[in-house]
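Undergrad: Here is my input, please return the structure:
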Amino acid sequence: MRLLSCLLALASSLAAATQPNIVIIFMDDMGYADVGCFGAQGYQTPNIDKLAAEGRKFTNFHVAQPVCSASRTALLTGCYPNRLGMHGALGPSAKHGIHADEMTIAELVKQKNYATAAVGKWHLGSLPPFLPVKHGFDQYYGIPYSNDMWPYHPQAKKGSYPKLPMIENDRIIDEEITPENQTHLTTDYTTRGVNFIEKNKDKPFFLYLAHSMVHVPLFVSEKFKGKSGKGLFGDVMMEVDWSVGQIMDTLKKNGLEENTWVIFTSDNGPWLSYGDHAGSAGPLREGKGSCWEGGTRVSGIMKWPAKIPAGTTTDAMMMTIDILPTIAHVIDAKLPDHKIDGLNCWPIVAGEKGALNPHDFYAFYYEQNQLQAITSGDGRWKLQLPHKYRSIAGVTEKAQDGIPVLYKQQSIEQPELYDLYTDLSESKNVASEHPDEVAKLQKHAQTMRTELGDSLMKQPTGSGTREPGRVKE
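TA: Residues are numbered from 1 along each chain as shown. Reported below is the predicted structural model:
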């Protein structure tokens, strides 16, 4: 009898080791250098820095597209968003969203009976068929699209946006979020996340905490207002850091810290045209809305004491599309039958000796299915393809108090090659010196055009695209 008890205990322990709790904290418009351990200046983020010190830093971590809805699609489905017909940032009047046939991380972990919750900004479709509870999440609390898509935004034209609602599960619980409501968003999201962990501490769970901050318009609660000494942006970052601390403290208090895999990252780089209300990409070129490094490279931190080596850093390249298949590998869940683009990167996450990125290349699309850049899987070579882009470089006017300046429009006329190992800022085009690398990446670009299309080449769709979910007018 005692032997049987020991065997059952061992089996339970082994099951727990392969079924970690999973927490993804997804920031909005937070730049590469907006947290202390990635170079933030003038304010402190001690809880996020502690997460990195006790976990693993990913200095070459990327989103698939440098904009809201597309980026979130990639994270949650493991697919390039344009494969699923998801482009840009969906507006409140959009009649489409993530298709019911696509598998999200929540649906993936449901195979292993995880409790699941989404808290915060969704932005994958605001109509009932597209909300989180229709895509594997047991519960949802948050806003359906960006917090700037509301009538109170300083840049909103009269009548351009409807009221911004607060949604719980699939029901509107507050028809209009006011400026006063916005000051509570970070705290409210944190409270909901903490409560979810507390209620599900005896079973495996997945919490997707998608903050509305630091997307403009910026709002902070009274407890952090004016506390950073670095203006409103610094105050907001302090409150987000507090939120991370609350989540981590809750895990520790309930004995869950050892077997919880925490992933902290952002949906794209900083919205630089907002000046003192925007963050920083540090040494990277440009920011949100561009396929330069400042738009797609974001700070990445992961902690799982049982499996991920503490106090380590990797510059191996990864992308958010790799999160879903890596989770599937860890919990032994079945991937969807349809094609996805991400690959299992667990050896990199776990710090295994000699671990290499399994991708031959990554593709960066933007706008309406424009293939703008290709990067080698090892993260060294990046080919910027001919396209137009918005640039903050050379803009002398200073944005203040939430009122943005205008970008300058620039063009790349011929493919430009950058060696990111020696030139992280993408300052020197070395295409003429490395024609073989250009040719190799051009070949990968053509593969993507065949698969997903490229509107820049008047090839709007490819053979591998799928339709988003749609509702009838």
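
Undergrad: Any regions of the stretch 151-300 of the chain where pLDDT drops low?
TA: By pLDDT under 70, the stretch 151-300 of the chain contains no weakly predicted segment.

Undergrad: Would you state the strands of it in chain order?
TA: Applying DSSP state E, counting those that start in this stretch to the stretch 151-300 of the chain gives strands spanning 166-168, 171-174, 205-210, 260-266, 297-303.

Undergrad: Would you mind putting the CA coordinates of the second one into CSV?
TA: Spelled out, that is strand 171-174. Provided in CSV are the C-alpha atoms of strand 171-174 (Å, rounded to 0.1, in the frame of the first residue of the first chain):
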residue,chain,number,x,y,z
ARG,A,171,-21.2,40.5,-21.8
ILE,A,172,-20.7,44.3,-21.7
ILE,A,173,-20.6,45.3,-18.0
ASP,A,174,-19.7,49.0,-18.6
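
Undergrad: spatially speaking, which residue is in the middle of the chain?
TA: By CA atoms, centre = their mean, the chain has its centre lying nearest to Asp267, at 3.2 Å.

Undergrad: Ignoring the adjacent residues along the chain, who's closest to that one?
TA: Spatially, and ignoring its direct neighbours in sequence, Asp267 is nearest to Ser71 (4.2 Å; CB to CB, 6 or more residues apart in numbering). Where C-beta positions appear, they are placed from N, C-alpha and C, glycine not excepted.

Undergrad: swap in Arg390?
TA: In space, Arg390 is closest to Tyr407, 3.7 Å off (CB to CB, 6+ apart).

Undergrad: Next, count neighbours for the one you found.
TA: Here the count is done by other CB atoms under 10 Å, and Tyr407 has 19 residues near it.

Undergrad: That one: what's it in contact with?
TA: The contact partners of Tyr407, taken as CB atoms under 8 Å, 6 or more residues apart in numbering, are Ser273, Arg390, Ser391, Ile392, Val395.

Undergrad: give me phi/psi at it?
TA: Main-chain torsions, Tyr407, degrees, to the nearest 10: phi -70, psi 160.

Undergrad: rewinding a little: in a helix, the residue nearest to Asp267, correct?
TA: Yes. Per DSSP: H, G, I helix; E, B strand; the rest coil, Ser71 lies within a helix segment.

Undergrad: Does it touch Lys288 like I think?
TA: No. Judged on CB atoms under 8 Å, Ser71 makes no contact with Lys288 at a distance of 9.7 Å.

Undergrad: Now the common contact residues for the two.
TA: Residues touching both Ser71 and Lys288 by CB under 8 Å, 6+ apart: Asn268.

Undergrad: out of those two, which sits in the busier spot?
TA: Neighbours were counted for Ser71 and for Lys288 using other CB under 10 Å; Lys288 has more, 30 against 27.

Undergrad: give the contact list for that one.
TA: Shown in contact with Lys288 (CB under 8 Å, 6+ apart): Asp29, Pro66, Val67, Asn268, Gly269, Pro270, Trp271, Leu272, Gly295.

Undergrad: just the buried members of those?
TA: Asp29, Pro66, Val67, Asn268, Gly269, Pro270, Trp271, Leu272, Gly295 (16 or more other CB atoms under 10 Å).

Undergrad: Please name the spatially closest residue to the second one (chain neighbours excluded).
TA: Looking back up the chat, that one is Pro66. Gly295 (3.4 Å).

Undergrad: Could you chop this structure up by domain?
TA: Using automatic domain parsing, the domain parsing of the chain gives 19-359, 362-470.

Undergrad: which of the residues in stretch 180-189 are buried?
TA: In stretch 180-189, counting by 16+ other CB under 10 Å, buried: Asn181, Gln182, Thr183, Leu185, Thr186, Thr187, Asp188, Tyr189.

Undergrad: okay, those residues in a markdown table with distance to Thr447 next?
TA: What follows is those, written out as a markdown table (distance: CB to CB, whole Å):
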| residue | distance to Thr447 |
| --- | --- |
| Asn181 | 47 |
| Gln182 | 44 |
| Thr183 | 48 |
| Leu185 | 42 |
| Thr186 | 42 |
| Thr187 | 46 |
| Asp188 | 45 |
| Tyr189 | 40 |
